[in-house]
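Visitor: show me how the following folds:
(one chain, ligands or ions: 2)
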Amino acid sequence: MIFQRVAVIGLGLQGGSIGLAVQEFLPGVVTTGYDISADNRARAAERGLVHKVCDTAVDAARDADLVIFCVPPGVMGEAAAAIRDVLPAGCLVSDVGSSKQAIAKALGEALPDHIVIPAHPVAGTENSGPDAGFAHLFRNRWCIVTPPEQTDLLKLSTLVEFWEALGANVEIMTAEHHDLVLAVTSHLPHLIAYTIVGTASDLEDVTQSEVIKYSAGGFRDFTRIAASDPTMWRDVFLSNKDAVLTMLQRFTEDLTALQRAIRVGDGDTLFDHFKRTRAIRRSIIEEGQDDSRPDFGRGDHERGSA
Ligand SMILES: NC(=O)C1=CN([C@@H]2O[C@H](COP(=O)(O)OP(=O)(O)OC[C@H]3O[C@@H](n4cnc5c(N)ncnc54)[C@H](O)[C@@H]3O)[C@@H](O)[C@H]2O)C=CC1
Ligand SMILES: O=C(O)C(=O)Cc1ccc(O)cc1
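Guide: Ligands and ions are numbered 1, 2, ... in the order given. As a prediction, this is how the structure comes out:
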């Protein structure tokens, strides 16, 4: 058996999905869970997201051999500190946060006597809360594991096995590299979506109802991303500040180059750029990473329902 008792702290999209996936794919593993919100605890119990929803984090964690923090990045440290006194000595500590260096530091400082191996399932939706989770969220999705140097290899391989059992493909890299890669593939796109949707809604000469009425595919896709949880994304940008600012600088330079091409009527520059980006999209589809296909990574499940 991989782990016997898994404690999930935070029963929203990620925590709920892990709880459901463990029950479906690792029968025999006992799951406990805790959420700071009493409403979310009640809903998690109704949906059976874990075997036992506890009234305190301490109760959820006291017998665990794996604890996974599924809370917003900014509260990982305080959520971990809350269970410091009861966490069994051999219990492995992990998380699912979207940034890795800052969270690894926060967890390590809160639980200095435990092995911490951070992870990030690159799997999610714009929905959040205890109604959003589903057991197949991780199927065919990457889970990036970022072990610190000299990590216990047995613990690492057990965590890898755990994520594979939930359907994920696991990749191992440093937390630093993770933060740089995800800054450009996930964090910057979210920032751009938040910006464009805000810009469209602030216009004086175009009404809100026109924006809604004439939102063609491109803008609609941005509104989905821009509907993502504000607390989580505030924390993502603040916790991965350096890498996001680096990528934002590059992005701004590239945007300025396209802006100039439009201003001077340089069609070749625009055409060449769009041709190159189309090729990138096609190679993503060839690699089977196209999640616009209706069955991609979801089995019979819809995306989260919140
Ligand atoms: N939303 C997404 O698509 C993805 C999110 N993540 C990461 O997963 C983590 C959780 O995100 P979601 O599940 O989407 O958020 P969520 O908002 O659905 O769930 C978070 C839950 O944590 C609870 N919570 C907040 N503070 C707490 C505390 N101190 N103790 C216990 N519970 C607490 C909240 O009440 C909420 O139910 C974040 O760190 C995020 O960066 C990772 C991959 C994808
Ligand atoms: O819904 C989407 O398109 C996402 O990009 C989901 C997502 C959000 C945050 C992550 O750290 C990983 C995946």
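
Visitor: from here on, contacts and neighbour counts on C-alpha atoms
Guide: OK.

Visitor: near Arg263, how many other residues are there?
Guide: Neighbourhood size, Arg263 [other C-alpha atoms under 10 Å]: 9.

Visitor: which SSE is it in?
Guide: helix 241-264 (DSSP states H and E).

Visitor: next: Ile144.
Guide: strand 142-145.

Visitor: does ligand 1 sit close to the next helix or strand after that strand?
Guide: Later in the chain than strand 142-145, the nearest helix or strand by DSSP H and E is helix 153-165. No - with C-alpha under 6 Å from any ligand atom as the measure, helix 153-165 is seen stopping short of ligand 1, the closest distance being 13.3 Å.

Visitor: what's in contact with helix 153-165?
Guide: Residues outside helix 153-165 that contact it (C-alpha atoms under 8 Å, 6 or more residues apart in numbering): 2-3, 25-26, 92, 117, 143, 145, 147, 169-170.

Visitor: redo that, cut-off 10 Å
Guide: Applying C-alpha atoms under 10 Å, 6 or more residues apart in numbering, the contact partners of helix 153-165 are 1-3, 18, 21-22, 24-26, 66, 90-94, 115-119, 121, 138-147, 167-172.

Visitor: which among those count as buried?
Guide: Taking 16 or more other C-alpha atoms under 10 Å as the criterion, what is buried in the contacts of helix 153-165 is 2-3, 18, 21-22, 25-26, 66, 91-94, 115-119, 121, 138-147, 167-170.

Visitor: all helices for the protein, in order.
Guide: 13-25, 38-47, 57-61, 76-81, 101-110, 153-165, 175-182, 188-202, 208-213, 217-226, 230-239, 241-264, 267-286 (DSSP state H).

Visitor: any idea which of those helices has the lowest pLDDT on average?
Guide: When mean pLDDT is averaged over each of the helices of the chain, helix 208-213 scores lowest at a mean of 82.

Visitor: so which residues make contact with that helix?
Guide: 197, 200-203, 207, 215, 219-220.

Visitor: 8 Å instead?
Guide: Here helix 208-213 has contacts from 200-201, using C-alpha under 8 Å, 6+ apart.

Visitor: picking up where we left off before, check the buried ones among the contacts of helix 153-165 against ligand 1, which are close?
Guide: Among these, ligand 1 is touched by Pro121 when using C-alpha under 6 Å from any ligand atom.

Visitor: name the residues of the helix holding Arg263 that are buried.
Guide: 243-244, 247-248, 258.

Visitor: of the residues you listed, closest to Thr125?
Guide: For the buried residues of helix 241-264, the closest approach to Thr125 (C-alpha to C-alpha) belongs to Val244, at 20.5 Å.

Visitor: once you drop chain neighbours, what's closest to Glu78?
Guide: In space, and not counting its chain neighbours, Glu78 is closest to Ala110: 7.4 Å by C-alpha to C-alpha, 6 or more residues apart in numbering.

Visitor: picking up where we left off before, so which of the helices of the chain gets nearest ligand 2?
Guide: helix 217-226 (6.0 Å; C-alpha to the nearest ligand atom).

Visitor: the residue nearest the centre of the chain: what's it in contact with?
Guide: With distances taken as C-alpha atoms, centre = their mean, Ser98 lies nearest the centre of the chain, 4.6 Å away. Ser98 sits next to 73, 120, 236 when contact means C-alpha under 8 Å, 6+ apart.
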